[in-house]
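S.K.: build the 3D model from these lines:
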Amino acid sequence: MELLAQLPQNLVSGLLLGGMYALIGVGLALVYGVMDIVNMAHGAFLMVGMYTTYLLVTHLGIDPYVGILITAPVLFLMGMLIQRLVIHRVATASHMNQILLTVGLSMVLVNTAQLLFTADYRQVRTSYAETVIRIGGVAMNLAYIISFAVAVAITVALYWYLMKSEFGRALRATAQDLHAAQLMGIDVQRVQMTAFGLGMALAGAAGALLTPVYYLYPTVGENFGLKAFTMVVLGGMGSVVGAALGG
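M.R.: Numbering: from 1, shown residues only. Model prediction:
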């Protein structure tokens, strides 16, 4: 009876957290689907997004959710630069070589964060972090509700963009058949670079959403990166919708 009484609370809590997980998985699925790249550094990019948000809050006084408007573009540009300088060199290599490269990239990002911020746990405090909304016997933290709503909105907006825009069609064509897309006049290199940037921007946005509800430390991305791979596998490798449902 006690387990049944706790079931609604557990379901709601899992749903709110799953919405944020979905955003992490969607970014990874986008990169894998378009580029066939196994990106083991995805969790490290999420960590960079969290620290970027932390700096915006502590030094500029910007709310974490408003900070997404800065964090996501910063990670987008960072992702495009890294794809152009590093990732494209293993685009046609074996998955093992891709894994080795992205694991090394993850180590560089994590150790850089540790040098800059130390390994101490940090936390962003907001005025609404401790606010709890109760509906019946279910209690919901306001920060989790906001993070869930923003994550769902970003995921839906991305899906609409991929389905309706000209770039979205080019991206889907590249994912389906790279060589056929080239024959149709699509700039595949630009599409792949932008897709990687979008994937990292989604990781950065997810990091910003996690900052008000989770502790921050240099290796925080490892657990979330592992969960992201689980979502991508559950949803079908490379499927954006599947990764969201997997979350």
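S.K.: rest of the way, CA atoms for contacts and neighbours
M.R.: Will do.
S.K.: strands of this protein, residue ranges please.
M.R.: Secondary structure of the chain (DSSP state E): strands at 132-135, 138-141.
S.K.: run the chain-centre distance for the lengthiest helix in the chain.
M.R.: Ranked by number of residues, the top helix in the chain under DSSP state H is helix 2-35. Relative to the centre of its chain, helix 2-35 is centred 12 Å away, using Cα atoms, centre = their mean, to the nearest Å.
S.K.: may I see the buried residues of it?
M.R.: For helix 2-35, burial by neighbour count (16 or more other Cα atoms under 10 Å) applies to 13, 15-35.
S.K.: pick the most deeply packed of the strands of the chain.
M.R.: Highest mean neighbour count of those: strand 138-141, a mean of 16 (counted as mean count of other Cα atoms under 10 Å).
S.K.: next up, the contacts around the residue most central in space within the chain.
M.R.: Computing the C-alpha centroid of the chain and ranking residues by Cα atoms, centre = their mean puts residue 203 first, at 2.4 Å. With contact taken as Cα atoms under 8 Å, 6 or more residues apart in numbering, residue 203 is in contact with 23-24, 27, 42-43, 45-46, 49, 75.
S.K.: can you lay out those residues as TSV showing distance to residue 141?
M.R.: TSV is the format used below for the contacts of residue 203 (distance: Cα to Cα, whole Å):
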residue	distance to residue 141
23	19
24	21
27	25
42	27
43	25
45	26
46	22
49	22
75	28
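S.K.: between the residues you listed, which is closest to residue 221?
M.R.: Of all the contacts of residue 203, residue 43 has the smallest distance to residue 221: 4.0 Å, by Cα to Cα.
S.K.: how many neighbours does that closest one have?
M.R.: 29 (other Cα atoms under 10 Å).
S.K.: before we move on, what about the one 5 residues further on?
M.R.: For residue 48, the count of nearby residues is 26 (other Cα under 10 Å).
S.K.: and if you look at residue 60?
M.R.: Using other Cα under 10 Å, residue 60 is surrounded by 10 other residues.
S.K.: please enumerate the helices of the protein.
M.R.: 2-35, 42-60, 68-85, 95-117, 142-164, 166-176, 178-183, 188-210, 221-235, 240-246.
S.K.: closest one to residue 124 among the ones you listed?
M.R.: Of all the helices of the chain, helix 42-60 comes closest under Cα to Cα, at 6.6 Å.
S.K.: for the longest helix of the chain, name the packing helices and strands.
M.R.: Applying 3 or more Cα pairs under 8 Å, 6 or more residues apart in numbering; DSSP states H and E, one finds that helix 2-35 contacts strand 138-141, helix 142-164, helix 166-176, helix 188-210, helix 221-235, helix 240-246.
S.K.: nearest to residue 98, out of those?
M.R.: Per Cα to Cα, nearest to residue 98 of the helices and strands packed on helix 2-35: helix 188-210, 14.0 Å.
S.K.: now that closest one: buried residues?
M.R.: Within helix 188-210, the residues scored as buried using 16+ other Cα under 10 Å are 188, 191-210.
S.K.: so where is this structure shaky, pLDDT-wise?
M.R.: 1-7, 9, 129, 235-247 (pLDDT under 70).
S.K.: re the thing from before, most widely separated two among the contacts of residue 203?
M.R.: Pairwise distances across the contacts of residue 203 (Cα to Cα) peak at 14.5 Å, for the pair 23 and 75.
S.K.: check contacts around residue 39.
M.R.: 28, 31-32, 98-99, 102.
S.K.: again, but for residue 150
M.R.: Residues near residue 150 by Cα under 8 Å, 6+ apart: residue 209.
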